[in-house]
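Colleague: After the sequence you'll find the predicted model.
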Amino acid sequence: MHAVVMAGGVGSRFFTDGWSGEKPMVALCGRPLITYIIETLKKSSAIDKIFVVTSPSVPETQKYLEKSGDVEVIPAPGLGYVGDMVHGIVAAGIKEPVLVIMSDLPMIPPEMIDMIISVYNNRDEPALSVHTPLSICAELGQRPTAVFNRNGALIVPCGVNILDGSLIAEEQPDFNLILPEIEVALNVNTVRDLEQCERMLVAR
């Protein structure tokens with residue numbers, strides 16, 4: 001399965017914290033944030049090729065990735081998350097299931113990527129979305145922008161999905177995979193999140 005990393009966001013919550021620059025390039029333990037998810041995907045036994053979708057908001061990120069040669073960069077026009085995602089998958093020519101993941105999830109290990117793909121391969125739905133219980137986000141002190149009620153349980157989308165590339169222009173019924181793991185819950189949206197990630201990585 002191919003992977004598409006979404007890395008074109010403006011990182012507005014970082015700017016409100018007084019930080020300037022591009023979020024994918026912010027230093028986490030001395031390395032650009034985006035390198036963590038790329039390294040995870042490279043180590044996953046289930047991922048074949050990695051594409052990264054950028055936007056006009058992240059020119060330095062695009063230059064860095066093109067120079068590294070580890071991934072194929074797809075510049076998108078900056079249509080927002082969904083618009084740029086569709087653009088990226090179409091531009092990559094992906095017609096089969098594809099993992100779509102945010103660039104600000106540095107804690108996810110390769111084994112979790114393999115597990116998510118394995119679950120998808122054993123489901124009938126064309127799509128899968130990874131969620132975590134709201135309680136996990138609360139423990140981390142995170143304030144999610146979206147919360148859903150599934151059978152009485154409050155869950156938060158994690159920014160990890162599998163979609164059928166051949167149906168990318170359509171709404172796809174999805175299976176909600178709920179993982180009570182901090183690795184999928186801790187995405188870096190603020191300076192506080194970054195500092196929390198640094199402490200956890202150092203502790204490990």
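Modeller: The structure has been received and is ready for your questions. What you are looking at is a predicted structure, and each value in this text was computed from that prediction instead of being measured.
Colleague: name the helices or strands packed onto the longest strand anywhere in the chain?
Modeller: As far as residue count goes, and with DSSP state E defining each element, the longest strand of the chain is strand 153-164. For strand 153-164, the elements it packs on are strand 97-102, helix 110-121, strand 127-133, helix 134-140, strand 148-150, strand 174-178, helix 182-185, judged by 3 or more Cβ pairs under 8 Å, 6 or more residues apart in numbering; DSSP states H and E. The way it works is simple: take the backbone N, C-alpha and C, and place the C-beta from them, glycine included.
Colleague: tell me the pLDDT at the residue of the chain positioned farthest from its centre?
Modeller: No residue in the chain sits farther from the centre than Gly152, which is 26.1 Å out by Cα atoms, centre = their mean. Looking at Gly152, its pLDDT stands at 87.
Colleague: Sketch out the low-pLDDT regions of this protein for me.
Modeller: Along the chain, the parts satisfying pLDDT under 70 run over 10-20.
Colleague: Okay, and the beta partners of the residue most central in space within it?
Modeller: Using Cα atoms, centre = their mean, the residue of the chain that lies closest to the mean C-alpha position is Met102, 1.7 Å off. The residues paired with Met102 through beta bridges, assigned by DSSP bridges, are Met6.
Colleague: Report the contact partners of it.
Modeller: With contact set as Cβ atoms under 8 Å, 6 or more residues apart in numbering, Met102 has these partners: Val5, Met6, Ile37, Gly159, Val160, Asn187.
Colleague: what about 10 Å?
Modeller: 5-7, 9, 24, 34, 37, 81, 108, 158-161, 187-189 (Cβ atoms under 10 Å, 6 or more residues apart in numbering).
Colleague: Then Ala153?
Modeller: Under the criterion of Cβ under 10 Å, 6+ apart, the contact partners of Ala153 comprise His131, Pro133, Leu134, Ser135, Asn176, Ile178.
Colleague: Which helix or strand contains the closest residue in space to Tyr36 that isn't next to it in sequence?
Modeller: In space, Tyr36 comes closest to Pro106 once its chain neighbours are excluded; the distance is 3.5 Å by Cβ to Cβ, 6 or more residues apart in numbering. Assignment of secondary structure by DSSP states H and E places Pro106 within no helix or strand.
Colleague: ok, Pro106 - contacts?
Modeller: The contact partners of Pro106, taken as Cβ under 10 Å, 6+ apart, are 28-29, 31, 33-37, 39-40, 183, 186-188, 193-194, 197-198, 200-201.
Colleague: Which among these count as buried?
Modeller: Taking 16 or more other Cβ atoms under 10 Å as the criterion, what is buried in those is 28, 33-37, 40, 183, 186-188, 193-194, 197-198.
Colleague: circling back: phi, psi of the residue farthest from the centre of the chain?
Modeller: Geometry field for Gly152 lists phi and psi as phi 90, psi 0, criterion degrees, to the nearest 10.
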